[in-house]
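Asker: Sequence plus predicted model, see below.
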Amino acid sequence: MAIEVIEHAGTRYAEVIRADLTVDRTTFFSPAESSFQFGLLAHGAGYSEPPHYHQPFVREINDLQQMFVVQRGIVAISLFDDAGKLLQEIVLHPGDAIVLIHGVHAIRVIEDLQAISVKQGPFLGDAQDKVDVEVQR
């Protein structure tokens, strides 16, 4: 089983990892050049990684990607193209994860939801971060 990749007209809109996906070794699914890396860590019992830190360097990021990991509940994520046309709706259950890479998205909570949300910072507030969009349903 692989991740689900949602693409339209050559542009990657989202990547989904379902809760039941397993890997034998650590695997990242996002392209190396992506500003947000998405993958699964997998190590056998007894594995030990030496203490380390990640080398800082200046990165220029021109997009804002967001990741959800559903802890409880059910949520539907709608993905829209740049013209506001619905591309696909993805339903996520506990343990499922999605990274939103490009385009307009909306969420609809089906069952009470708790999810981990991760996105690049700094957060400048809703007024600067979010842009509401009229879409075609």
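Answerer: Noted; the coordinates are in hand.
Asker: can we go C-alpha only for contacts and neighbour counts from here?
Answerer: Fine.
Asker: where does residue 115 fall, helix, sheet strand or coil?
Answerer: Put simply, residue 115 is strand when judged by DSSP: H, G, I helix; E, B strand; the rest coil.
Asker: The protein: strands as residue ranges?
Answerer: For the chain, the strands defined by DSSP state E occupy 4-8, 11-17, 27-28, 39-40, 66-80, 86-92, 97-100, 104-119.
Asker: Of those strands, flag the one that's most buried.
Answerer: Mean neighbour count (mean count of other CA atoms under 10 Å) peaks for strand 97-100 among the strands of the chain, with a mean of 23.
Asker: quick check, distance from it to the centre of its chain.
Answerer: For strand 97-100, the separation from the chain centroid amounts to 2 Å (computed by CA atoms, centre = their mean, to the nearest Å).
Asker: Please shift the residue numbers so they start at 192 in all later answers.
Answerer: Okay, residue one is now 192; in that scheme the one you just asked about reads as strand 288-291.
Asker: so what strands line up beside that strand?
Answerer: Partners of strand 288-291 in the sheet, by DSSP bridges, are strand 202-208 (antiparallel), strand 257-271 (antiparallel).
Asker: Just want the angle from the longest one to strand 295-310.
Answerer: Strand 257-271 and strand 295-310 meet at an angle of 180 degrees, taking axes from the mean of the first three to the mean of the last three CA atoms, to 10 degrees as the criterion.
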